[in-house]
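Participant: pasted the sequence and its predicted model underneath.
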Amino acid sequence: MDSEKYWANELDRYSTEGLIRQVPSLKFIDATHCIDGKNNKLFVVCTNDYFGFRFHPEVIKAASMALGNAGVGAGGARSVIGSFSVLEELERELADFQRCDAALIFNTGYMANVGLISVLADSNGVIFSDEKNHASIIDGCRLSRAKIVVYPHRNVEYLKFLLEENKNFTMRFIATEGVFSMDGTIAPLPDLLDLAEKFDAHIILDNAHSLGVLGDHGYGTLEHFGITFNPRIIHVGTLSKVLGSFGGFVCGSKLLINFLRHHSRPFLCSTSLPESMLAASLKALRLLKSQQDSAHRLKHFSQIARDIFSKYEIAFPADFTGIFPLITGDENLTMQIFKKLYQSSIYLVAIRYPSVPRGSARLRLTVCSEYEESEWREALHTIAKAIKSVKT
Ligand SMILES: Cc1ncc(COP(=O)(O)O)c(C=O)c1O
């Protein structure tokens, strides 16, 4: 059959190009260590669980209690089965945390972006999207009836030119990640806001990797730039990274959230999250708000990585985030480094096409507040040496 031939040919091609993914089966024993199928203990240095909340005893306790009280699943979409008090509480606290009037929980951050972007404008709208935006923003754009215009990464001047060129549209949106997930760069938010004011646009700000990490209180990209609130910003986030749980959300005006409740299909047509996950997220959010120690530790570990990579002359982004994309380029070469590190008991994921463009493969190191300092330092030296040994 032609379809089967096509699937097999594609996989053969991926194999030749070093793009085959063999995802290992791992059993996590804490936020930063796991055991593989051959009983090897690995130090995991690519988690998005920045503060280790998925193993936090209070978060686990909150989830377990909700599981005992409310059962495993949710039983239906919210529009079918009704809402839960923990869901409403979490939405109120998320809205508060992002300095917005209202929030809406989606089942994943991916669905939040798709559920928002696909519906917020009709063919009178235009969405300007940074070329390095996450797949969920891209897919939201693909499903939208608005015109989509992709602009070069963080290029404010070019974006201004494109906004001028598309002045005839009556609804304008600029979609950007706060911290770019594959590049560790930060969006030029003050400049984007100037453009949004000038051209009467909204900004869709995906704070997936900024929440908890940027700003003294972990509010994210806005706090990083000293901005308290701006009604032009629509916030998107995930419950699955710094909050260590599962789910996604959009925060904005009451009008926008009400509109999404009536129009967004991922919200309307999918079973809602179970109470256990919501209770875990709520507990994690409260922990995040009540202590700044994790953020300080994360910044300290980030600085250690910067110092060590500088010593080895390994490039990393100038922006101070929790992400270190160590760009190696060639896919096969990147896999060689991955395997070498694995043999040294370090699990550092190799990111390749289609997650990033071809020829820009990278090892995506992330920082976690739960690292033990000596283990982190030792791993950084091993990583730097592995990169140097394969590259030269
Ligand atoms: C920038 C960005 N947005 C959205 C998502 C999707 O979030 P989730 O994992 O909750 O679906 C991710 C996760 O990979 C991300 O990096």
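Facilitator: Good, I have the coordinates. Numbering: from 1, shown residues only.
Participant: tell me the contacts of the closest residue to residue 218 other than its chain neighbours?
Facilitator: Spatial nearest neighbour of residue 218, excluding adjacent residues (C-beta to C-beta, 6 or more residues apart in numbering): residue 212 at 4.2 Å. Yep, even glycine has a C-beta here, placed from its N, CA and C like the rest. Residue 212 makes contacts with 50, 51, 218, 220, 241, 242, 243, 288, 294, 295, as judged by C-beta atoms under 8 Å, 6 or more residues apart in numbering.
Participant: can you give me the neighbour number for the second one?
Facilitator: What it means is residue 51. Neighbours of residue 51 under the rule other C-beta atoms under 10 Å: 28.
Participant: repeat that for the last one.
Facilitator: Residues near residue 295, counting by other C-beta under 10 Å, number 22.
Participant: in this structure it contacts residue 213, no?
Facilitator: Yes: counting by C-beta atoms under 8 Å, residue 213 is a contact partner of residue 295 at 7.2 Å.
Participant: ok so, going back, wasn't the residue nearest to residue 218 part of a strand?
Facilitator: No: counting by DSSP: H, G, I helix; E, B strand; the rest coil, residue 212 falls outside a strand, being coil.
Participant: can you list the residues that contact stretch 39-49?
Facilitator: 26, 28-29, 31-36, 209, 240-242, 244, 342, 345-349, 364-366, 368, 371, 375-376, 379, 383.
Participant: mind listing what's buried in the lowest-mean-pLDDT helix or strand in the chain?
Facilitator: One helix or strand of the chain scores below all others by mean pLDDT, DSSP states H and E: helix 78-81, with a mean of 89. Of the residues in helix 78-81, residue 78 count as buried by neighbour count, 16 or more other C-beta atoms under 10 Å.
Participant: for the helix or strand just after that helix, packing partners?
Facilitator: Using DSSP states H and E, the helix or strand that follows helix 78-81 in sequence is helix 85-97. Helix 85-97 sits against strand 102-106, strand 248-252, helix 275-290, with contacts defined as 3 or more C-beta pairs under 8 Å, 6 or more residues apart in numbering; DSSP states H and E.
Participant: neighbouring strands for the second one, and are they parallel or not?
Facilitator: Put plainly, it is strand 248-252. Sheet pairing of strand 248-252 (DSSP bridges) gives strand 102-106 (antiparallel), strand 233-238 (antiparallel).
Participant: and it with helix 85-97, angle?
Facilitator: 50 degrees (axes from the mean of the first three to the mean of the last three C-alpha atoms, to 10 degrees).
Participant: also the first one?
Facilitator: Taking the same axes, to 10 degrees, strand 102-106 and helix 85-97 form an angle of 130 degrees between their directions.
Participant: show residues contacting the least confident helix or strand of the chain.
Facilitator: So helix 78-81 is contacted by 74, 75, 87, 267, 268, 272 (C-beta under 8 Å, 6+ apart).
Participant: for PyMOL, write a command that selects the buried ones of those.
Facilitator: The following PyMOL line selects those of those that are buried, judged by 16+ other C-beta under 10 Å:
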select buried, resi 74+87+267+272
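Participant: export the contacts of helix 78-81 to JSON lines and tack on pLDDT, distance to the ligand and secondary structure?
Facilitator: Output for those, formatted as JSON lines (pLDDT from 0 to 100; distance: C-beta to the nearest ligand atom, whole Å; DSSP: H, G, I helix; E, B strand; the rest coil):
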{"residue": "74", "pLDDT": "94", "distance to the ligand": "17", "secondary structure": "coil"}
{"residue": "75", "pLDDT": "92", "distance to the ligand": "22", "secondary structure": "coil"}
{"residue": "87", "pLDDT": "95", "distance to the ligand": "16", "secondary structure": "helix"}
{"residue": "267", "pLDDT": "96", "distance to the ligand": "14", "secondary structure": "helix"}
{"residue": "268", "pLDDT": "95", "distance to the ligand": "18", "secondary structure": "helix"}
{"residue": "272", "pLDDT": "94", "distance to the ligand": "15", "secondary structure": "coil"}
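Participant: got JSON lines for the contacts of helix 78-81, with distance to residue 163 too?
Facilitator: Below are those laid out as JSON lines (distance: C-beta to C-beta, whole Å):
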{"residue": "74", "distance to residue 163": "41"}
{"residue": "75", "distance to residue 163": "45"}
{"residue": "87", "distance to residue 163": "37"}
{"residue": "267", "distance to residue 163": "29"}
{"residue": "268", "distance to residue 163": "32"}
{"residue": "272", "distance to residue 163": "37"}
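Participant: which among the contacts of helix 78-81 gets closest to residue 160?
Facilitator: residue 267 (33.5 Å; C-beta to C-beta).
Participant: now do the strands in the stretch 201-350 of the chain.
Facilitator: Assigned strands in the stretch 201-350 of the chain, in chain order: 201-206, 233-238, 248-252, 323-329, 346-347, 350-351 (criterion: DSSP state E, counting those that start in this stretch).
Participant: can you check the stretch 51-200 of the chain too?
Facilitator: Under DSSP E, counting those that start in this stretch, the stretch 51-200 of the chain gives strands at 102-106, 125-130, 147-151, 171-177.
Participant: and the longest one, what does it pack onto?
Facilitator: If I follow you right, that is strand 171-177. So strand 171-177, by 3+ C-beta pairs under 8 Å, 6+ apart, packs with strand 125-130, helix 135-143, helix 189-199, strand 201-206.
Participant: what residues of stretch 112-121 count as buried?
Facilitator: Quick answer for stretch 112-121 (16+ other C-beta under 10 Å): 112, 113, 114, 115, 116, 117, 118, 119, 120, 121.
Participant: can you tell me which of the contacts of residue 212 has the most neighbours?
Facilitator: That'd be residue 242 among those, by other C-beta under 10 Å, with 31 neighbours.
Participant: in the stretch 1-150 of the chain, what residue lies closest to the ligand?
Facilitator: residue 109 (2.4 Å; C-beta to the nearest ligand atom).
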